[in-house]
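Undergrad: Below is the sequence, then the predicted model.
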Amino acid sequence: MSETYVEGNFLGLPESAGPVDLVVLPLPYELTTSYGQGTADGPAACIAASAQVEVFDASLNEDLPASHSIHTAPAWEGNGPTLASQLDELGSYLSPWCTGNVFPLALGGEHGILPPFMWAMRHHPALDGDLGNLTVVQIDAHADLRAELDGEAFSHACAAARSLDMGVGRLLQVGVRAYAKEEAEWIRTDERITTFFAKDTQHPTTGGATWEQWIDLLSGLSGPIHLTIDIDGLDASLVPATGTPVPGGLSFWQAIQTIEAVFDAPEAVVISADVNEIATNNHSPLTEFTAAMLATKTVASHLKARKEGRWKAMTDAQGPVRSGAQCTYFSTMMNKTEQ
């Protein structure tokens, strides 16, 4: 917990007016949820819960923000009348923060935030204009590889599929335990996708060995990485308020180990991240607190990578007031589909 608490800021941390090192981006987006509701309230609940999280990180061996500038941006406000227009608004909101001089961490909101994030990341200098250079590491109970759900191709259940369609070069998944036949077939046949199913990593006798294979895979990664954490990838007992809680998921410490492994990979660099499907209820703050803990570990792991020289700004430093490209990708795509 920060000694000088500032309401509305992640971890309650005060901010300076100078250049921003890491930005927390609240995305209260909820248009295609298919079961439980409440992700529109998730980012604010997560930020409020983060005020109760200890700011000391043992692996960093420092209190956050560890002499860096962490900015909590004003929350995205979706005003568009259609799904396509709101996805475009998300892309436009994210764009100024995907320039290579700041680490963007988004808090969602349903997992449908991933394709707009990928659109915004397309011109990140680490990717040389090609999303094929990006590896997405996904913690999730669901494969998110459906062609559509309830007639909607940009449903939260299609987030990984649409990201691959946009050109993402590699997708690594862990925690997956709820998926359709079409998704199983895509996983089996598409060499870009590697999935570690929960039935294997959580197996009571052989799960330990399979889990070590997952960590070894992450440790051997190279190149730019986006980390996307759907909190329903964790066991439902840890995130009971998320939209689709599923039993049999990752333990809290497995999620932490995954975050640490991907940031510590000596030949890789995590250039962006999101924690999504955060929701809240009136019975317990556990879900948003768990999400806040995962987001805090992501922040600390990024700052550790900076400290050890595995992340360096690629463009000139900027403050919190920014402008970026305007996104029309999703409106264009959906108009073509309808014609």
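TA: Nice, thanks for sending it over. Residues are numbered from 1 along each chain as shown.

Undergrad: Quick check: beta-bridge partners of the most centrally placed residue in the chain?
TA: Residue closest to the average C-alpha location in the chain (CA atoms, centre = their mean): Asp274, at 1.9 Å. Asp274 forms beta bridges with Ala106, Thr228, as assigned by DSSP bridges.

Undergrad: before we move on, what SS does the closest residue to Phe196 other than its chain neighbours have?
TA: Setting aside the residues directly before and after it, Phe196 is nearest to Val174 in space (CB to CB, 6 or more residues apart in numbering), at 4.4 Å. Placement of C-beta: from N, CA and C, glycine included. Three-state call for Val174 (DSSP: H, G, I helix; E, B strand; the rest coil): strand.

Undergrad: name the helices or strands packed onto whichever helix or strand Ala160 is part of?
TA: Assessed by DSSP states H and E, Ala160 sits inside helix 159-165. Contacts defined by 3 or more CB pairs under 8 Å, 6 or more residues apart in numbering; DSSP states H and E place helix 159-165 against helix 114-121, strand 135-139, strand 170-176.

Undergrad: JSON lines for the ones you listed, including mean neighbour count, distance to Pro285 and mean pLDDT?
TA: Converted to JSON lines, the helices and strands packed on helix 159-165 look like this (neighbours: other CB atoms under 10 Å; distance: least, CB to CB, whole Å; pLDDT from 0 to 100):
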{"stretch": "helix 114-121", "mean neighbour count": "27", "distance to Pro285": "26", "mean pLDDT": "97"}
{"stretch": "strand 135-139", "mean neighbour count": "25", "distance to Pro285": "21", "mean pLDDT": "98"}
{"stretch": "strand 170-176", "mean neighbour count": "25", "distance to Pro285": "22", "mean pLDDT": "98"}
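
Undergrad: Correct me if wrong: Leu127 contacts Met118.
TA: No: look at Leu127 against Met118 with CB atoms under 8 Å: they stay out of range, at 10.2 Å.

Undergrad: Overlap in contacts, the two.
TA: Applying CB atoms under 8 Å, 6 or more residues apart in numbering, one finds that Leu127 and Met118 are jointly contacted by Leu134.

Undergrad: the strands in the chain, which residues?
TA: Using DSSP state E, the strands of the chain run over 22-27, 56-57, 62-63, 70-72, 103-108, 135-139, 170-176, 193-197, 222-230, 267-276.

Undergrad: Extract the residue ranges of the stretch 101-250 of the chain that are flagged as low pLDDT.
TA: By pLDDT under 70, the stretch 101-250 of the chain contains no weakly predicted segment.

Undergrad: change it to 80
TA: For the stretch 101-250 of the chain, the stretches with pLDDT under 80 are 151, 153.

Undergrad: Tell me which of the helices and strands packed on helix 159-165 sits nearest to Thr298.
TA: Checking the helices and strands packed on helix 159-165 against Thr298 by CB to CB gives strand 135-139 as the closest, at 11.1 Å.

Undergrad: Show me where the stretch 201-339 of the chain has its helices.
TA: Assigned by DSSP state H, counting those that start in this stretch, the stretch 201-339 of the chain shows helices spanning 207-219, 252-264, 286-307, 329-338.

Undergrad: right, so the ones you listed: which one is the most enclosed?
TA: Across the helices of the stretch 201-339 of the chain, the average number of neighbours (mean count of other CB atoms under 10 Å) peaks for helix 286-307, which reaches a mean of 23.

Undergrad: just the helices in the stretch 1-150 of the chain please.
TA: Under DSSP H, counting those that start in this stretch, the stretch 1-150 of the chain gives helices at 42-50, 83-94, 114-121.

Undergrad: Which one, of the ones you listed, ends up nearest to Phe252?
TA: Using CB to CB, these put helix 42-50 closest to Phe252, at 14.6 Å.

Undergrad: Contacts for the closest one next, please.
TA: When contacts are defined by CB under 8 Å, 6+ apart, helix 42-50 is touched by residues 8-12, 24, 26-28, 72, 75, 107-109, 275, 277-280, 285, 288-289, 291-292, 295-296.

Undergrad: Would you mind checking these for buried ones?
TA: 9-12, 24, 26-28, 72, 75, 107-109, 275, 277-280, 285, 288-289, 291-292, 295-296 (16 or more other CB atoms under 10 Å).
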